[in-house]
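Colleague: my questions are about this predicted structure, shown below with the sequence.
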Amino acid sequence: MTGTTHRCASAVSAALAALLLATPFANAAPESFDAAHETTLAPPTLKRPFHLFRWHPSTRALQARAGEFADPSTFGSTAVVGLESNRELQALGDDYGFDQMRAIPLLHAARVSLDPAHLDGLLSAAPNDVRIRYVSPLGERRQLLHVRNDPLLQKINPGLNRPFEWQFAASRVDLAMNLAQGSATILIGQVDTGVADIPDLQGKVDGRYYSDRSSRVGDDVGHGTAVASLMVANVDDGFGMAGFGGAAHLVSYRDDELTDESIAAGIAKLTSLGCRIINLSIGGPYPTSPVLLDALHRAMDAGVLIVAAAGNDGTGSVLYPAADLQPPNGADSLGLAVGASDVTGKTTKFSNRGTNLSLIAPGDYDYSCSGVLAAIPAAPNEWDSTCFPTFRGKAGSRYAYIGGTSFSSPKVAGVAALILAARPELTNLQLADIIKRSAHRSEAGWTPRAGYGVLDAAAALELATGRSSADVLTIADFRDSRDSTRATVVGHVTWGDGSAPTAATVTCSAAGLVGAAGFSQGRFTCRWPIAAALGHRALIGTVTVTAARARVSQAFTLGQPRVP
């Protein structure tokens, strides 16, 4: 793997700026699905009654008086209208002069466009129209929560003296996979910039949807691909990086608009497709609008765990929608708001914190352009105009060291998928509780700086399963043989998860004799020459295999050789 470092920029890249600022309005946006899973994914069942957002009487009165929320300048030419019944949409369009309508049936809402005069009429009359639950602006949520290219990110760490993907061991995912390797039946959904076809995600993306008229189901920016790789990159395939979710699969919803309305539509779609977990590496500083709140609540009431990034402003307030997922001061939650930790396990300088923070996870190395490793598209993208180093790998693969809470939340989502693979009956409330209670912390309980502490995948799986995640070696197929000139012992050694060590040290000890040891692809061999002095006495010995942090021994006794 070779590296190149790119010059830091002082603002968001041109590609991202174009994505955020030049999104056409679509009247009836189609959706695309590139895999044959739609009929096989069972949507979750609502666990309890789902309560749609409705104007409070005082809010209706405020909006009727044309308060700040009703200022037409906050709407532009579009609005989101909450409906008491989906059947009323056409009649409302006729009554209020909607030029275009895009229904969101699952959330009893619609995105509408209308001219200024009709907008004034809608804002004035809607508070007294029983067919309307609310009227709100689209609510832009355009921050893709990676660290921007500020001067403080100029420092480049040319050699971390750690593995390229240092965050995997730092979160103890390697040990967690002794207890669960994930499952393809666990689907993680993401609303992001899409996902590209890259080697590390081969066979892991079950579906790609998009929110506008185009058929663009890839990723022109690179943000969504990087997030996806941290969750579901193939593990133990001898290639590239490994995802925190093990064998879990992904469903991508590409959103080029990143408004509350478009994100809500994505969440609703992913929920209907059976995703057990949804990651949102996006956010904004202003409160979430009703349509997105409805989508969040509907998903969580259906049992979906939503994980969202806390933000990169270094302030004491978690961004939205992450702040909606975690009630204040560490209370029980159906979702998780995730901040960023550095290589030492401390909250990074840029990570938002506050009363709505759940926990932190690796999101940067040392507040330089070293970051965490993620896979990115082969074509030039967002990362090519930053100071973060990129790397070329085999078979067209490409990687970057990137930082931000965008890349903290998918690690938590991936670990949640591991837990569900081991305990699929868990609710989202139980899942969130396990992840928070198992986090590593230097202070007791919850704090606004780090929530419940740093993500600890091994501790989470131990808490969920009641078993130890320690590396354990097991010897199987142990066989021995002896003739008049040589004794041989062979066997296979595996980890607790069934995989074979890639390297091991074998020690062969028997009656003071020096044995020749060999190890290849999990199989060990010990051979001793039989000295004439040993005669027909039994040969007593031990084989010890050591790999990484674990050791296993097998004692044996070889009797006298058989006489032909």
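Modeller: Okay, I see it. Numbering: from 1, shown residues only.
Colleague: any chance you could map the helices in the protein?
Modeller: Applying DSSP state H to the chain gives helices spanning 14-21, 57-64, 89-96, 116-125, 166-170, 173-176, 223-232, 260-272, 290-301, 322-325, 409-422, 428-437, 457-465.
Colleague: so how far is the longest one from its chain's centroid?
Modeller: Distance, stretch centre to chain centre, for helix 409-422: 7 Å (C-alpha atoms, centre = their mean, to the nearest Å).
Colleague: how about the helices of the chain in a markdown table, adding mean neighbour count, distance to Asn356 and mean pLDDT?
Modeller: Any C-beta I mention is one placed from the backbone N, CA and C, and that applies to glycine too. Output for those, formatted as a markdown table (neighbours: other C-beta atoms under 10 Å; distance: least, C-beta to C-beta, whole Å; pLDDT from 0 to 100):
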| stretch | mean neighbour count | distance to Asn356 | mean pLDDT |
| --- | --- | --- | --- |
| helix 14-21 | 15 | 25 | 26 |
| helix 57-64 | 14 | 22 | 46 |
| helix 89-96 | 16 | 34 | 95 |
| helix 116-125 | 16 | 30 | 89 |
| helix 166-170 | 21 | 24 | 88 |
| helix 173-176 | 23 | 26 | 89 |
| helix 223-232 | 31 | 21 | 96 |
| helix 260-272 | 26 | 18 | 95 |
| helix 290-301 | 25 | 13 | 96 |
| helix 322-325 | 25 | 4 | 97 |
| helix 409-422 | 29 | 14 | 98 |
| helix 428-437 | 21 | 13 | 97 |
| helix 457-465 | 23 | 21 | 95 |
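Colleague: I figured Met231 hits Val412, correct?
Modeller: No. Using C-beta atoms under 8 Å as the test, Met231 is too far from Val412 to be in contact (9.5 Å).
Colleague: any weak-confidence spans in the protein?
Modeller: Applying pLDDT under 70 to the chain flags the ranges 1-51, 55-73, 140, 142-160, 212-215, 380, 512, 514, 531-536, 559-564.
Colleague: tell me the domain ranges of this structure?
Modeller: Per automatic domain parsing, the domain ranges recorded for the chain read 2-15+142-465, 473-558.
Colleague: the shortest one: end-to-end distance?
Modeller: Right, the one you point to is domain 473-558. 24 Å (C-alpha to C-alpha, to the nearest Å).
Colleague: residue contacts, the residue nearest in space to the middle of the chain?
Modeller: Residue closest to the mean C-alpha point of the chain, counted by C-alpha atoms, centre = their mean, is Pro410 at 2.2 Å. Counting by C-beta atoms under 8 Å, 6 or more residues apart in numbering, Pro410 makes contact with Gln190, Val227, Ala228, Leu230, Met231, Phe244, Asn279, Ser281, Val307.
Colleague: how close does it sit to Ser229?
Modeller: 8 Å (C-beta to C-beta, to the nearest Å).
Colleague: same check on Ala517?
Modeller: 39 Å.
Colleague: follow-up on the earlier one: Throw the domains of the chain into CSV and include distance to Arg54, thanks.
Modeller: What follows is those, written out as CSV (distance: least, C-beta to C-beta, whole Å):
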stretch, distance to Arg54
domain 2-15+142-465, 8
domain 473-558, 50
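Colleague: out of those, the one nearest Ala91 is which?
Modeller: Proximity to Ala91, assessed across those by C-beta to C-beta, is greatest for domain 2-15+142-465 (19.8 Å).
Colleague: is Glu261 in contact with Gly139, as I believe?
Modeller: Yes. Contact criterion C-beta under 8 Å: Glu261 and Gly139 qualify, at 7.0 Å.
Colleague: excluding its backbone neighbours, what's nearest Val343?
Modeller: Excluding the flanking residues, the one nearest Val343 by C-beta to C-beta, 6 or more residues apart in numbering is Tyr365, at 5.0 Å.
Colleague: mind listing the strands for the stretch 51-200 of the chain?
Modeller: With DSSP state E, counting those that start in this stretch applied, the stretch 51-200 of the chain shows strands at 78-83, 100-104, 109-113, 132-136, 143-144, 187-192, listed in chain order.
Colleague: now, of the ones you listed, which is deepest in the fold?
Modeller: strand 187-192 (a mean of 28; mean count of other C-beta atoms under 10 Å).
Colleague: run me through the strand neighbours of it, direction for each.
Modeller: Paired neighbours of strand 187-192 in the sheet (DSSP bridges): strand 249-254 (parallel), strand 277-280 (parallel).
Colleague: angle of that strand against helix 409-422?
Modeller: Per axes from the mean of the first three to the mean of the last three C-alpha atoms, to 10 degrees, the angle that strand 187-192 makes with helix 409-422 is 160 degrees.
Colleague: what angle do strand 187-192 and helix 260-272 make?
Modeller: 170 degrees.
Colleague: do a quick rundown of the strands in the stretch 251-400 of the chain.
Modeller: Using DSSP E, counting those that start in this stretch, strands in the stretch 251-400 of the chain cover 277-280, 282-283, 305-309, 335-341, 359-362, 372-375, 390-392, 398-402.
Colleague: quick revisit: Val173: which of the contacts of Pro410 is nearest?
Modeller: Phe244 (5.4 Å).
Colleague: Phe407 against Ala226, yeah?
Modeller: Yes. If you go by C-beta under 8 Å, Phe407 and Ala226 touch, sitting 6.7 Å apart.
Colleague: what separation is there between the closest residue to Asp433 other than its chain neighbours and Gly339?
Modeller: The shortest distance from Asp433 to any non-neighbouring residue, by C-beta to C-beta, 6+ apart, is to Asp332 (6.6 Å). According to C-beta to C-beta, Asp332 stands 19 Å off from Gly339.
Colleague: same check, this time on Phe391
Modeller: 27 Å.
Colleague: pick out whichever of these two has more residues nearby.
Modeller: Gly339 (30 against 17; other C-beta atoms under 10 Å).
Colleague: what pairs with that one across the strands?
Modeller: Ile360.
Colleague: hmm, it is touching Leu357, no?
Modeller: Yes. Between Gly339 and Leu357 there is a contact at 5.5 Å, judged by C-beta under 8 Å.
Colleague: anything in contact with each of those two?
Modeller: With C-beta under 8 Å, 6+ apart, Gly339 and Leu357 have common neighbours Ala310, Val318, Ala450, Gly451.
Colleague: residues touching the last one, list them.
Modeller: Read it as Gly451. Gln326, Gly330, Ala337, Gly339, Arg353, Leu357, Ser358, Leu359, Ile360, Lys436, Ala439.
Colleague: over to the first one?
Modeller: Contacts here follow C-beta under 8 Å, 6+ apart; on that basis Ala310 touches 145, 283, 318-319, 322, 337-340, 351-353, 356-357, 405, 408-409.
Colleague: please indicate which of those are buried?
Modeller: Buried members of the contacts of Ala310, counted by 16 or more other C-beta atoms under 10 Å: 145, 283, 318-319, 322, 337-340, 351-353, 356-357, 405, 408-409.
Colleague: deepest of the domains of the chain, which one?
Modeller: Across the domains of the chain, averaging neighbours per residue (mean count of other C-beta under 10 Å) puts domain 2-15+142-465 on top, at a mean of 23.
Colleague: quick one: distance of that domain to the chain centre.
Modeller: 4 Å.
Colleague: what of stretch 490-505?
Modeller: Worked out by C-alpha atoms, centre = their mean, stretch 490-505 lies 29 Å from the chain centre.
Colleague: begin at 7 from now on, thanks
Modeller: From this message on, residue numbering opens at 7, which makes the last subject stretch 496-511.
Colleague: span of it from start to end?
Modeller: 14 Å.
Colleague: outside of it itself, list whatever touches it.
Modeller: 183-185, 187, 242, 477-486, 525, 527-532, 549, 551-554, 556, 558, 560.
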